[in-house]
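Participant: Dropping the sequence and predicted coords here.
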Amino acid sequence: MDLAKKVVDKMMNGDPFSQWLGIEIMEITAGFCKLQLKVRQEMTNGFAIAHGGITYSLADSCLAFAANADGIQAVSIETSISHTKKVTKGDVLTATSKEMNKTSKTALYYITITNQDNLEVAHFKGTIYRTGKEWFPKN
């Protein structure tokens, strides 16, 4: 099993919120992640559209998995999202990461979220701090 998959499997197994969201890992490599979920009724708000926290949480998980997939533990230090189209029950959302910049201490990622029609519904930007601690130390 490659390191990226091993790290993300460990993260996902310890992440009940991402599990509750129904996130499926479509692709994972160091610095890259593609996730998918289907919007359920309990994810919608009083406007009958998905709560903004759903796309935010999907993107945040995508950020976390992409940033940690190289085997070094990383945590977010700043994130933001822009919602560009409404999301409704039954929509299938795909979050795809792009690593924009990476140093030994920080990295910047853009996450694009599209729906089943490949329309962009949200854009997320995340900056992470790389702790230097390995997920699987080679003692």
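Facilitator: Received, thanks.
Participant: Distance check, the nearest residue to residue 115 once chain neighbours are set aside against residue 80.
Facilitator: Excluding its sequence neighbours, the residue lying closest to residue 115 (Cβ to Cβ, 6 or more residues apart in numbering) is residue 91, at 4.9 Å. To be clear about C-beta, it is placed using only N, CA and C from the backbone, and glycine gets the same treatment. Residue 91 is 22 Å from residue 80, where distance means Cβ to Cβ, to the nearest Å.
Participant: Please say which of those two ends up with more neighbours.
Facilitator: residue 91 (22 against 11; other Cβ atoms under 10 Å).
Participant: helix/strand/coil for the spatially most central residue of the chain?
Facilitator: Centroid-nearest residue in the chain: residue 62, 1.4 Å away (criterion: Cα atoms, centre = their mean). Assigned with DSSP: H, G, I helix; E, B strand; the rest coil, residue 62 falls in the helix class.
Participant: Contact partners for it?
Facilitator: 33, 34, 35, 95, 96, 97, 111, 124 (Cβ atoms under 8 Å, 6 or more residues apart in numbering).
Participant: And the fifth one, its phi and psi?
Facilitator: The one in question is residue 96. Backbone geometry at residue 96, expressed as degrees, to the nearest 10, gives phi -130, psi 130.
Participant: do the same with the first one
Facilitator: Summarising the backbone geometry of residue 33 under the convention degrees, to the nearest 10, its torsions are phi -150, psi 140.
Participant: State the distance from it to residue 12.
Facilitator: 11 Å.
Participant: higher neighbour count, the two?
Facilitator: The neighbour comparison of residue 33 against residue 12 (other Cβ under 10 Å) goes to residue 33, with 28 against 19.
Participant: Which strand or helix spans the closest residue to that one other than its chain neighbours?
Facilitator: Nearest residue to residue 33, sequence neighbours excluded (Cβ to Cβ, 6+ apart): residue 66, at 3.9 Å. According to DSSP states H and E, residue 66 maps onto helix 52-68.
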